[in-house]
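Trainee: prediction below, plus the sequence it came from.
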Amino acid sequence: MWSYYLRQVKFGIRLLGTLGDAKRLQRLGILAEKSGFDACWFAHDPFQRNSWVSAVAVALATRKISIGYNVKPYTIDPSEVATFAIGLDEISNGRTILGIGSHTETMYDWLGLNKSNLVDLTRESIHLVRGLLTGRVMEFNGKNFHWSNECYLRFKAPRKHIPIYVPGIGKEMFELSGMIGDGSLPMATPPESIDYPIKHIKEGARKAHRDPSKIDYVGLIWIYVSESGRVDKSALKKVISYFLPYLEQEMISRAGITQSDVEPVRRELLNGNYEKAAEAVTDEMLELAVYGTPKDCVERIERMLEKGVTTVSIGGPLGKKPEEAIELIGKKIISHFR
């Protein structure tokens, strides 16, 4: 216990497109850097604000914070992932980090895609991106990609190795992240359940004959923080309702939730009734998130760190006013662990 104080705990922030337009996301990224965050992540989701625009905007206006973008391999070709990563690395002076994988399945259905091969699709995408970065000719014949000997970069990347993190839900994706990822991005919902994915991440690392201690174990949490402890439950429930149906029983059982409890949320979500899905989230399900005063949030984060998390990734509504919440997190939460 408390051994995490012997290492430098890192903090990342996930800035969703729902927080505002590209200019506001840029301002939030600047504020995150000033508040002590180590990384700023953007999710590249279909029909949301384009993460590439937001990532470039923050990269141009900051100088220390790492810039990450998390892509779904079923909507973007590895050639585009690699070339954008290099461009972002050039303008950010080597601050790019990548996420390749997915935490949800809903978007497969929207786009009419096959959702049975995410593990192979993720593995092949990462293989191709890494190969392109090193300047290799990536002739490849896999399950999902069939590239000719014309598949290589026509320019040189400034960095041959850009860290690639693997998000995902389920044992197979957890293991894959341990086998091939520089880091893993599992949802920590609730934070007390993070030992479950970490166990499988380490198992994957051992299968690949990797040192598990070399992996960055990122715990993704949803947060709502306020100085007084007052929480807008409806804001949290909107976020929880979106991801809840994809969480395994092993995770949600730590909060006393069963799959039958989740069914009303799942049903409304599948029908596209997002407001009703949020309404179906019970107060007990709020324990999947981290909320309350800074002290309350610190206590929940400490439980994650005790279980082996090395980086805390903060997302969600953040607070009543995102700007104030980011500053509060910096002053009262990040500073506590520094």
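Mentor: Yes, it's here. These figures come from a predicted structure and were not determined experimentally.

Trainee: next, count neighbours for the nearest residue to Pro264 once chain neighbours are set aside.
Mentor: In space, and not counting its chain neighbours, Pro264 is closest to Ala280: 4.2 Å by C-beta to C-beta, 6 or more residues apart in numbering. For the C-beta atoms, the positions are set from N, CA and C on the backbone; glycine is no exception. Counted with other C-beta atoms under 10 Å, residues neighbouring Ala280 total 21.

Trainee: list the contacts for Ala280?
Mentor: Each residue near Ala280 by C-beta atoms under 8 Å, 6 or more residues apart in numbering is listed here: Ser241, Pro264, Val265, Glu268.

Trainee: if we go to 6 Å?
Mentor: If you count contacts by C-beta atoms under 6 Å, 6 or more residues apart in numbering, Ala280 has them with Pro264, Val265, Glu268.

Trainee: show me which of these is closest to Val231.
Mentor: For the contacts of Ala280, the closest approach to Val231 (C-beta to C-beta) belongs to Val265, at 19.1 Å.

Trainee: and the closest residue to the closest one other than its chain neighbours, how far is that from Leu328?
Mentor: Distance criterion C-beta to C-beta, 6+ apart; nearest residue to Val265, sequence neighbours excluded, is Ala280 at 4.5 Å. When distance is defined by C-beta to C-beta, to the nearest Å, Ala280 is 30 Å away from Leu328.

Trainee: I'd like to know which helix or strand in this protein has the lowest mean pLDDT.
Mentor: When each helix and strand of the chain is scored by mean pLDDT, DSSP states H and E, helix 106-111 comes last, with a mean of 62.

Trainee: need the strands for the protein, in chain order.
Mentor: Here the chain has its strands, by DSSP state E, at 10-14, 39-44, 66-71, 96-100, 140-141, 146-147, 164-167, 183-185, 216-225, 290-292, 311-318.

Trainee: which helices and strands does the longest one pack with?
Mentor: Strand 216-225 makes packing contacts with strand 183-185, strand 290-292, strand 311-318 when contacts are defined by 3 or more C-beta pairs under 6 Å, 6 or more residues apart in numbering; DSSP states H and E.

Trainee: sheet-wise, list the partners of the second one with their directions.
Mentor: This means strand 290-292. strand 216-225 (parallel) (DSSP bridges).
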